[in-house]
Each structure stands twice: as C-alpha cells, then as structure tokens.
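A.B. asks: I would like to see how this sequence folds:
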Amino acid sequence: MMNKKGGLTDLFILMIFAFAIILISVIFIYIGTTTQDKLHETMDDRGVMPDGTNTSDMINNTFGGVTSAYGGLYWISIFLIAGMIISIFIGSYLVTTKPIFFIPYFFVTIVAVIVAVGISNAYEMLMKDGTMASTFAGFVGSNFIMLNLPMWIAIIGVVGAIIMFVRMGSRDEQIYGGGSIYG
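C.D. replies: From the prediction side, this is the model:
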C-alpha cells in the first residue's frame, strides 16, 4: 500500500483483461458445445455399448457436465470485469498524489478512450462472425460493456480521477492537522 504513485495504466489493463477474459470464455464455451454436439453425432447411432451403457447417456453424464460448467462463464466474465472496475476505484482512493498529476491522468484517459474505440470495434467484428455468434449472444452483460467500451473507459477514468484528486485534499488535512494555510 505504501508509496503507490498512481494507476495510469489501470484503464489499459482493464481493457486488455476484459477482452481476453471474454474471448477465452467464448472459446471454452464454443469448444465445449461443439465437442459435445460432435460426440452425439458420431456416437448416438451406436446405441448401447457392449457393457450395457447407453452412449448418449454416457456423453451427457461425462462431457455434458463440462459444458454445463462452462455455462457459468457467462456470468463469471461480467463479475470479473466489475471487480476490475471496483479495484480501479479502490486504487484511486488509496493513491496519494499531487495536483500536477491530474494533467497526465487526463491525457492517459483520453488515449485510453481512443484505444477503447479500436478494441470495441474488434470485439464487434468477432461477435458478428458466424462461427461463434451464437456463443457471443449469451454474454449479455459483457457484450454491453465491450460494445460501449469507450463510454465505460471515459466514465471509469473520470470517476477514478475524481476519487483520486478529491481525496487528496482530505489527506492533506489528516497530515497537517486541518485548518487553512491562510490563517
């Protein structure tokens, strides 16, 4: 906690990790459902195995559990993104900084919004791809954040700056015992 100088890169880390978390989750869900569907296509016609087990039931009992477990990634991804946003706010609260750093923070936020436009457009292109479009459709909250990423980054950056620089005044009062410097 001591000597934390600021989180100028927090917005970029949020964008990169949010994109990666959603993309990895989409790939896991897509692979899981595709594999289960292909197993059903190739093995359902075999009926009953020599030991008496039904192949369809065997697939559903084994690989079906994996697919249903991956279904939790729809909500886990949005909670991870929300946790990262909250951690940016907490980090902003814990930072002790000088007013001069407001200007670089403001410029970094502008650059982050510009980068967010590209990431949001890339996400939209991936989302509209026919291969995984149905998988992306299940990520309702994550899609909302990623498709409106520039707006989210701007809001998070401004709120983080407000938290960081408003707290700065209260920190000075704690250190120097309050009161005014003019009298």
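
A.B. asks: isn't residue 117 right up against residue 150?
C.D. replies: Yes - because the distance of 5.1 Å satisfies C-beta atoms under 8 Å, residue 117 is recorded as touching residue 150. Every residue, glycine included, has its C-beta placed from N, CA and C.

A.B. asks: And those two? Which one has more around it.
C.D. replies: Applying other C-beta atoms under 10 Å to residue 117 and residue 150 shows that residue 150 carries more neighbours, namely 19 against 12.

A.B. asks: I figured that one hits residue 121, correct?
C.D. replies: No - in this structure, residue 150 is not within contact of residue 121 by C-beta under 8 Å, at 9.8 Å.

A.B. asks: after the longest helix along the chain comes which helix or strand?
C.D. replies: The longest helix of the chain (DSSP state H) is helix 10-43. Downstream of helix 10-43, the first helix or strand assigned by DSSP states H and E is helix 55-70.

A.B. asks: List the buried residues for the following helix or strand past that next one?
C.D. replies: Under the assignment DSSP H and E, the closest C-terminal helix or strand after helix 55-70 is helix 73-94. Of all the residues in helix 73-94, those buried under the rule 16 or more other C-beta atoms under 10 Å are 73-74, 77-78, 80-81, 84-85, 88-89, 91-92.

A.B. asks: Low-confidence bits of this structure, can you list those?
C.D. replies: Scanning the chain for pLDDT under 70 picks out 1-7, 46-47, 49, 52, 167-183.

A.B. asks: which ones are touching residue 74?
C.D. replies: By C-beta atoms under 8 Å, 6 or more residues apart in numbering, the contact list for residue 74 reads 25, 29, 138-140, 142.

A.B. asks: Most neighbours among those residues, which one is it?
C.D. replies: residue 142 leads the contacts of residue 74 on contacts (other C-beta under 10 Å) with 25 neighbours.

A.B. asks: Now that residue: phi and psi?
C.D. replies: Dihedral angles phi and psi of residue 142 (degrees, to the nearest 10) take the values phi -70, psi -40.

A.B. asks: what do you get for residue 95?
C.D. replies: Dihedral angles phi and psi of residue 95 (degrees, to the nearest 10) take the values phi -80, psi 130.

A.B. asks: what do you get for residue 98?
C.D. replies: With angles defined as degrees, to the nearest 10, residue 98 sits at phi -100, psi 160.

A.B. asks: So what's the residue count around it?
C.D. replies: Residues lying near residue 98 (other C-beta under 10 Å) number 10.

A.B. asks: For residue 105, see how far away it is.
C.D. replies: Distance of residue 98 to residue 105, given as C-beta to C-beta, to the nearest Å: 11 Å.

A.B. asks: Residue 63 now?
C.D. replies: In this view, residue 63 and residue 105 are 49 Å apart by C-beta to C-beta.

A.B. asks: And for residue 115?
C.D. replies: Residue 115 sits 15 Å away from residue 105, going by C-beta to C-beta.
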